[in-house]
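K.L.:
Provide a 3D model corresponding to the input given below.
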Amino acid sequence: MIMRRTLPPRPVKLFVGMLSSDAALFEACKDLLHEKYGPVDCQSEIVPWDFTDHYSAEMGPGLLRRFIFFERLADPGELAGMKTLTNRIEERMAVTADKGVLRRINLDPGYITEAKVVLATTKDYSHRIHIGGNIFAEIALVQKGGRFTPLAHTYPDYRTDEYVRMFSKARELLRESLREKGL
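P.N.:
Next comes the predicted model:
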């Protein structure tokens, strides 16, 4: 039997989904993330977000969503550390209130490959795998039939045509960067 040699993973495009009722926090967090991950080469518009009321008690009504995508390609192994960093940024931006410490922003990092969109989370579940440092990952979208397609467990917002178009655009930026690097 011939043993296969292992190959390093192809570089990925990192992103962060941001959710807050205060749009000014998007720029503040983007600046903090820039220090570690470099410039942003693509970002979504700021749009209203009303897919669940899960965050309302903590972050208030009128939630807004923005995604930022980083220019620098990365090793997918960076995702656990990125989630740990975004958790620290969330804590830094939090405020103390009668109810305790309240998050003002939710930061959800992930990455895009040519074949999938992967999200990081601190919560384990049947479709998630541990990737280190008490962080888990799940595949949210897969490339099928020439477009990103949701899976049974994919969050409702990630199923929308708007998100699929946005991630497809970021995928094209990834592919262009890979071509430029001869990968």
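
K.L.:
now the strands for the protein?
P.N.:
For the chain, the strands defined by DSSP state E cover 12-20, 40-43, 47-48, 64-74, 95-97, 100-102, 105-112, 116-121, 129-132, 135-144, 147-150.

K.L.:
Mind listing the strands the first one pairs with, and their directions?
P.N.:
So the one you mean is strand 12-20. strand 64-74 (antiparallel), strand 105-112 (antiparallel) (DSSP bridges).

K.L.:
Give me the angle between the shortest one and strand 116-121.
P.N.:
With axes from the mean of the first three to the mean of the last three CA atoms, to 10 degrees as the basis, strand 105-112 and strand 116-121 are set at 150 degrees to each other.

K.L.:
Between strand 135-144 and strand 105-112, find me the angle.
P.N.:
50 degrees.

K.L.:
Where in this protein is the helix or strand with the lowest mean pLDDT?
P.N.:
strand 100-102 (a mean of 72; mean pLDDT, DSSP states H and E).

K.L.:
Lowest average pLDDT across the strands of the chain?
P.N.:
Of all these, mean pLDDT reaches its minimum on strand 100-102 (a mean of 72).

K.L.:
what's the helix ranked longest in the chain packed up against?
P.N.:
Identified as the longest helix of the chain according to DSSP state H is helix 161-180. In terms of contacts (3 or more CB pairs under 8 Å, 6 or more residues apart in numbering; DSSP states H and E), helix 161-180 is packed against strand 12-20, strand 40-43, strand 64-74, strand 105-112, strand 135-144, strand 147-150. For every residue, glycine as well, the C-beta is placed using N, CA and C.

K.L.:
Please identify which of those strands is closest to residue 52.
P.N.:
In terms of CB to CB, the element of the helices and strands packed on helix 161-180 nearest to residue 52 is strand 12-20, at 10.4 Å.
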